[in-house]
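**Student:** Sequence first, then the predicted structure, then my questions.
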Amino acid sequence: MDHDTLTAGEEGEALEVISFNVDGQPYCLDINDIIEIRGWTPATPIAQAPHYVKGVISLRGVVMPVIDLAARIGLGGMEPNDRNVIIVAQTGQGPAGLLVEAVSDTMMISKDQIQLADTASGGAAPEFVIGFLPLEGRMVTVLKLDLLLGRSSSRAFAETF
């Protein structure tokens with residue numbers, strides 16, 4: 001499945017997502033973009049990296065960036081602790097880690113449950129927000145990985161080398 005799975009497809013088509021918390025708020029991503037979930041590992045800082053890049057860690061010999069998701073989406077930053085986790089995602093540039101508070105759940109949803117951001121927010125949502133998923137009295141923000149860690153993020157990260 002490609003990274004456009006959340007925006008393309010038949011009405012009612014099932015989609016598996018992973019939900020997690022950032023700054024106390026629920027978010028989710030297509031589980032097909034996720035490689036693994038691991039505990040917080042201190043990252044090696046990189047000089048002049050973008051403010052949302054915590055640094056790099058080694059994933060079985062592959063160096064990957066760790067992105068502070070709270071900082072990346074404009075919610076300030078996180079001071080990581082042992083309760084936090086890194087969601088390892090596959091991007092066009094290779095693996096990248098997303099620092100989040102905690103992973104909540106994996107769940108099957110229907111794509112037509114997602115209320116598209118441009119409609120629901122009156123066009124005010126950032127480009128990496130696909131839409132919102134009303135679940136059990138709360139709104140889960142659906143993120144698009146390629147846009148969240150896409151061209152501008154990978155270019156900014158690559159420019160640090």
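**Tutor:** Right, received. Where do you want to start?
**Student:** For Met139, the count of nearby residues, please.
**Tutor:** Neighbour count for Met139, taken as other Cβ atoms under 10 Å: 14. Where C-beta positions appear, they are placed from N, C-alpha and C, glycine not excepted.
**Student:** ok, residues contacting the one helix or strand Val56 maps to?
**Tutor:** For Val56, the host element (DSSP states H and E) is strand 53-59. Outside strand 53-59, the residues within contact range by Cβ atoms under 8 Å, 6 or more residues apart in numbering are 41-46, 49, 63-68, 80, 86, 88, 95, 97, 99, 156-157, 160.
**Student:** Mind doing that once more with 10 Å?
**Tutor:** 35-36, 38, 40-46, 49, 63-68, 71-72, 77-78, 80, 86, 88, 94-97, 99, 153, 156-157, 160 (Cβ atoms under 10 Å, 6 or more residues apart in numbering).
**Student:** Show me what the helix or strand in which Ala70 is found is packed up against.
**Tutor:** Assigned by DSSP H and E, Ala70 belongs to helix 69-72. Under the contact criterion of 3 or more Cβ pairs under 10 Å, 6 or more residues apart in numbering; DSSP states H and E, helix 69-72 touches strand 14-22, strand 53-59, strand 94-100.
**Student:** sorry, back to before: please produce a ChimeraX select command covering the buried subset of the contacts of strand 53-59.
**Tutor:** Selection of buried members from the contacts of strand 53-59 for ChimeraX, criterion 16 or more other Cβ atoms under 10 Å:
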select :40,43,49,64,65,66,67,68,71,72,78,80,86,88,95,96,97,99,153,157
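**Student:** For the one residue sitting closest to the centre of the chain, give me the backbone phi and psi.
**Tutor:** Centroid check for the chain by Cα atoms, centre = their mean gives Leu145 as the closest residue, at 5.5 Å. Dihedral pair for Leu145: phi -60, psi -50, per degrees, to the nearest 10.
**Student:** In space, what's closest to it - neighbours in sequence excluded?
**Tutor:** Asp33 (4.6 Å; Cβ to Cβ, 6 or more residues apart in numbering).
**Student:** Val103 too?
**Tutor:** Nearest non-adjacent residue to Val103 (Cβ to Cβ, 6+ apart): Phe20, at 4.7 Å.
**Student:** Could you report the neighbour count for the one you found?
**Tutor:** The burial count for Phe20: 23, using other Cβ under 10 Å.
**Student:** that older thread, got the angle between the strand holding Val56 and strand 94-100?
**Tutor:** Relative orientation of strand 53-59 versus strand 94-100 (axes from the mean of the first three to the mean of the last three Cα atoms, to 10 degrees): 120 degrees.
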